[in-house]
Structures are given as structure tokens and as C-alpha cells.
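Trainee: I'll drop the sequence and a predicted model, then ask my questions.
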Amino acid sequence: MADITEKELLALYRSRIKDRSQSRTKRRRQLENAPQTVGTLLQSYFQADSQALRRIEESRATQAWETLVGPAASRFSQALKLRGNTLIVRVSDALWMQQLSLLKHELLRKYRTLFPRLGLKDIYFTCRQ
């Protein structure tokens, strides 16, 4: 075996460190150049505008009504909008209003789980005339 001097060993060590730093940089460049998902792009675009993010979340919450209450109840009710921390729901008749009022706490729990940023505190049912 050839004897390796201290200078040669130090030179090998420095070249190894240089190789490692260059490989990390190359990997970082590959990640930066990789395509981003639409969700990531939108989130970064709206990050500065918290009101726009809230409106998007409100829209998702009103659209989720059908899924959360099921097909039978969704035929007779519709989530209209969020006003403050209250979800406004239009119901076709008083019977369905009573039924959904009994399920209010369960529905609130589901909404708070799915949309924690909204801080939903109440669901207001209104009868369509």
C-alpha cells in the first residue's frame, strides 16, 4: 500500500466536501425547476391576500353542504353563504328546518373539522317563501 501523506489526505477531504456541496446545489436546482401543482401556485399567489383565501374557503364550505348533509337533505336545503362566523342555509319547508336544527351541532362539528380557518360558530336556517 502506498503511504498517503497528510497533504494528500487533506486534499482528498477538501475535494470530497466540494463534491458534496455541489451535489446538494444540483439537487436544489432540480427541485426548484420541477413543475408545481396548481394548488401550490394558487396558494403562493393568494398568500398575501388573506381576504381572498377566506373567500375561497367560504366557497368550498358552501359547496360542501351537499356532501355533509347527504343527498336527501340536500334536495330540500342549500347553503347560501357565510356571514361572519355563521353559515346561512335556505330550507324548503319548516319540517326540514326542524330536522336540520336537530342536527345543527353535528353539522357544526363536521364544518369545524373540515374548515377550521373559518371559525364557524352557528348555522342559521331560513325558510324559502
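Mentor: Yep, it's here. Residues are numbered from 1 along each chain as shown.
Trainee: Only C-alpha atoms from now on, for both contacts and neighbour counts.
Mentor: Will do.
Trainee: How is the chain divided into domains?
Mentor: Domain ranges of the chain: 6-34, 49-127, per automatic domain parsing.
Trainee: Most tightly packed of those domains?
Mentor: domain 49-127 (a mean of 15; mean count of other CA atoms under 10 Å).
Trainee: same for the lengthiest helix in the chain, what does it pack against?
Mentor: Longest helix of the chain, by residue count under DSSP state H: helix 6-33. Contact partners of helix 6-33 among helices and strands, from 3 or more CA pairs under 8 Å, 6 or more residues apart in numbering; DSSP states H and E: none.
Trainee: Next, the contact list for Glu32, please.
Mentor: Listed by CA atoms under 8 Å, 6 or more residues apart in numbering, Glu32 has no contact partners.
Trainee: any idea how far it is from Thr25?
Mentor: 10 Å (CA to CA, to the nearest Å).
Trainee: ok, now Ser15?
Mentor: Going from Ser15 to Thr25 by CA to CA gives 15 Å.
Trainee: before we move on, what about Asn85?
Mentor: Asn85 sits 47 Å away from Thr25, going by CA to CA.
Trainee: now swap in Asp3 and tell me
Mentor: For Asp3, the distance to Thr25 under the criterion CA to CA works out to 34 Å.
Trainee: rewinding a little: redo the domains of the chain as JSON lines? Include distance to Thr40 and mean pLDDT.
Mentor: Shown next, in JSON lines, are those (distance: least, CA to CA, whole Å; pLDDT from 0 to 100):
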{"stretch": "domain 6-34", "distance to Thr40": "12", "mean pLDDT": "78"}
{"stretch": "domain 49-127", "distance to Thr40": "13", "mean pLDDT": "92"}
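Trainee: Please save the CA atoms from the next helix or strand after the longest helix of the chain in CSV.
Mentor: Downstream of helix 6-33, the first helix or strand assigned by DSSP states H and E is helix 38-46. Provided in CSV are the C-alpha atoms of helix 38-46 (Å, rounded to 0.1, in the frame of the first residue of the first chain):
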residue,chain,number,x,y,z
VAL,A,38,-51.9,24.3,-9.4
GLY,A,39,-52.8,24.3,-5.7
THR,A,40,-49.3,25.3,-4.7
LEU,A,41,-49.2,28.1,-7.3
LEU,A,42,-52.6,29.4,-6.2
GLN,A,43,-51.7,29.3,-2.5
SER,A,44,-48.5,31.1,-3.1
TYR,A,45,-50.3,33.7,-5.3
PHE,A,46,-53.0,34.4,-2.7
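Trainee: Please consider this matter closed, and thank you.
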